[in-house]
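Enquirer: dropping the sequence and predicted coords here.
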Amino acid sequence: NNTVTVTNNPSATTTGGVIGINSQGLTPLLSTATMSINNNTVQNCVLGGATSTTNSLTCIVNLSRPGIMNMNSNNIINNSITATTATTGILLGMSNSGAAAGTVNMNSNVIRNMSSTAASGQMQGIVNSGVVVTALNITNNQLGNASGGFFSSTVASIGSLFGIISNAGARTYTLALTCH
């Protein structure tokens, strides 16, 4: 139950990124472990300044390797890349990149009011790139809702917009995917 707000306005040319919540301490794989990143709010984070060209803003990320990974009921609201020279920045809501022996749950999360001035960057809502063996559940998430849309941009952009991405997993895992 954390609330995270980060603002970074670099005055010199920089690369790198801002991460709101980051879990990366559990390696190698511990199949008996359960990890949870639940009930957090990451809001009003800004990657700004005049010279932030290739930076990224990631709200919640897991790189750890538990048997069960829970990333549920998080609110990711009003986060933005506003740098005047933003070119290839990635704005990422939530990501699991850790390998899991069993199950990954990314359920009942709200991602809304995201924005970017990146001319060719990407907006990624929910991403799983971790190897899942048993089940990947990405259910009942809201990419925008009555309180605000998913993403907006004030510049012409050739960047990609991804709501939900899953590009990893064993051939035998079960996928449950719903979105509202």
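Expert: Sure, I can see it.
Enquirer: please count neighbours and contacts with C-alpha atoms only from this point.
Expert: Noted.
Enquirer: and the gap between the residue nearest to residue 120 when sequence neighbours are not counted and residue 88?
Expert: Computed as C-alpha to C-alpha, 6 or more residues apart in numbering, the closest residue to residue 120 that is not its neighbour in sequence is residue 159, at 4.1 Å. Shown here: residue 159 relative to residue 88, a distance of 8 Å by C-alpha to C-alpha, to the nearest Å.
Enquirer: name the residue in the two with the higher neighbour count.
Expert: When neighbours are counted by other C-alpha atoms under 10 Å, residue 88 comes out ahead of the other of residue 159 and residue 88, with 20 against 16.
Enquirer: ok, now how distant is the more buried one from residue 119?
Expert: Plainly put, residue 88 is 7 Å away from residue 119 if you go by C-alpha to C-alpha.
Enquirer: any common contacting residues for these two?
Expert: When contacts are counted by C-alpha atoms under 8 Å, 6 or more residues apart in numbering, the set common to residue 88 and residue 119 consists of residue 159.
Enquirer: what does the longest strand belonging to the chain contact?
Expert: Longest strand in the chain, counting residues (DSSP state E): strand 135-143. When contacts are taken as C-alpha under 8 Å, 6+ apart, the neighbours of strand 135-143 outside the stretch itself are 102-112, 125, 149-150, 163, 173-180.
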